[in-house]
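Colleague: sequence and predicted model, in that order:
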Amino acid sequence: MLLLHSVAQRRRRPEIMDRPDLAADRHIQALCGLERINWWSGSARLLWRPIRDHLQRHPHQPLHLLDVATGGGDIPLRLWQKARRAGLKLEIAGCDRSPCAVEYARRRAQACQADLHFFEWDVLQNGLPDSYDIVASSLFLHHLEEDQAIGLIQAMAAAARHLFLINDLVRSWSGYVLAFLATRVLSASDVVHTDGPRSVEGAFTAAELVTLARRAGLDTAHVSRRWPCRMLLEWERP
């Protein structure tokens, strides 16, 4: 029962979205649902403030941003729109290991006439190319085991010339209840209904994320709590 559920200890269970044999129509329906959830929860807005501040310190040069595990590409699209409205120079790419997600992201960008580049890439297998000023990731960390999460943090820090950001869920009872309800209100996808609460079960707490960053060698990384039931890891290269 929902009211008896405990999230005191991290419990990582396989998520349907991670299955390579997931049918394309179910995958796309889930991506559409996640886009609505990201819009409602302000995922792009959460990342935008530190990105905007960094861009304003470098107003005369275009900066390059990579969104890791980009899914349907809705967050890069919203960041691109925000940069254009602010008159700031930002070139954005997104990578994901799923061919279905990458193709969907490309179609969405083309429909919005957005100058975005999406490509297939498995960060856990291949690391990251180091040709980006800013490296960001949203709602991916909770999919990983602890050692994989540390490896991701190290890879993103190594690839980012200036700044990297990780936006993820906070494991909490309130977050679990919110995920259970929001996934059902904002999406008709059974994949999202199942994976949403599981994502919270598999998420870290803010204190645990600080520990992961320290274990990755980033003593100056900062973790802040954000609404709703989110946290943001920020690290800037000295």
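Modeller: Received the coordinates, thanks.
Colleague: just checking, what packs against the lengthiest helix in the chain?
Modeller: Identified as the longest helix of the chain according to DSSP state H is helix 24-41. Helix 24-41 is packed against helix 74-86, helix 99-111, helix 173-186, helix 190-202, with contacts defined by 3 or more Cβ pairs under 8 Å, 6 or more residues apart in numbering; DSSP states H and E. C-betas here are computed from N, CA, C, even on glycine.
Colleague: just checking, what packs against the following helix or strand past that helix?
Modeller: On the C-terminal side of helix 24-41, the nearest following helix or strand under DSSP states H and E is helix 43-57. Contact analysis of helix 43-57 by 3+ Cβ pairs under 8 Å, 6+ apart lists strand 63-68, helix 74-86, strand 132-138, strand 160-169, strand 230-236 as its packing neighbours.
Colleague: thinking again about what came up before, now the helices and strands packed on helix 24-41 as JSON lines including mean neighbour count and distance to residue 142?
Modeller: Output for these, formatted as JSON lines (neighbours: other Cβ atoms under 10 Å; distance: least, Cβ to Cβ, whole Å):
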{"stretch": "helix 74-86", "mean neighbour count": "20", "distance to residue 142": "16"}
{"stretch": "helix 99-111", "mean neighbour count": "18", "distance to residue 142": "17"}
{"stretch": "helix 173-186", "mean neighbour count": "17", "distance to residue 142": "11"}
{"stretch": "helix 190-202", "mean neighbour count": "21", "distance to residue 142": "5"}
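Colleague: walk me through the domains of this protein.
Modeller: 40-170+205-236, 177-201 (automatic domain parsing).
Colleague: export only the CA atoms of stretch 81-95, formatted as CSV.
Modeller: Extracted in CSV, the C-alpha atoms of stretch 81-95 (Å, rounded to 0.1, in the frame of the first residue of the first chain):
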residue,chain,number,x,y,z
GLN,A,81,14.2,28.7,-26.5
LYS,A,82,15.3,30.4,-23.3
ALA,A,83,18.7,31.3,-24.7
ARG,A,84,17.1,32.7,-27.8
ARG,A,85,14.7,34.9,-25.8
ALA,A,86,17.5,36.1,-23.7
GLY,A,87,19.7,36.9,-26.7
LEU,A,88,22.5,34.6,-25.4
LYS,A,89,24.7,32.4,-27.6
LEU,A,90,24.3,28.8,-26.7
GLU,A,91,24.8,25.8,-29.0
ILE,A,92,23.1,22.7,-27.6
ALA,A,93,23.5,18.9,-28.3
GLY,A,94,21.9,16.0,-26.6
CYS,A,95,23.0,12.3,-26.4
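Colleague: who's in contact with it?
Modeller: Stretch 81-95 is contacted from outside by 44, 48, 51-52, 55-56, 59, 61-70, 73, 76, 79-80, 102, 105, 114-121, 123, 132, using Cβ atoms under 8 Å, 6 or more residues apart in numbering.
Colleague: just want the angle from the longest helix of the chain to strand 230-236.
Modeller: 80 degrees (axes from the mean of the first three to the mean of the last three Cα atoms, to 10 degrees).
Colleague: residues in contact with helix 24-41?
Modeller: With Cβ under 8 Å, 6+ apart as the test, helix 24-41 has contacts from 16-17, 44, 71-72, 74-75, 78, 98, 100-101, 104, 138-139, 182-183, 186-192, 195-196, 228, 230.
Colleague: let's go with 7 Å and repeat that
Modeller: 17, 71-72, 74-75, 100-101, 104, 182-183, 186-187, 189, 191-192, 228, 230 (Cβ atoms under 7 Å, 6 or more residues apart in numbering).
Colleague: which of the helices and strands packed on helix 24-41 sits closest to residue 236?
Modeller: helix 74-86 (17.7 Å; Cβ to Cβ).
Colleague: thank you kindly, that will do.
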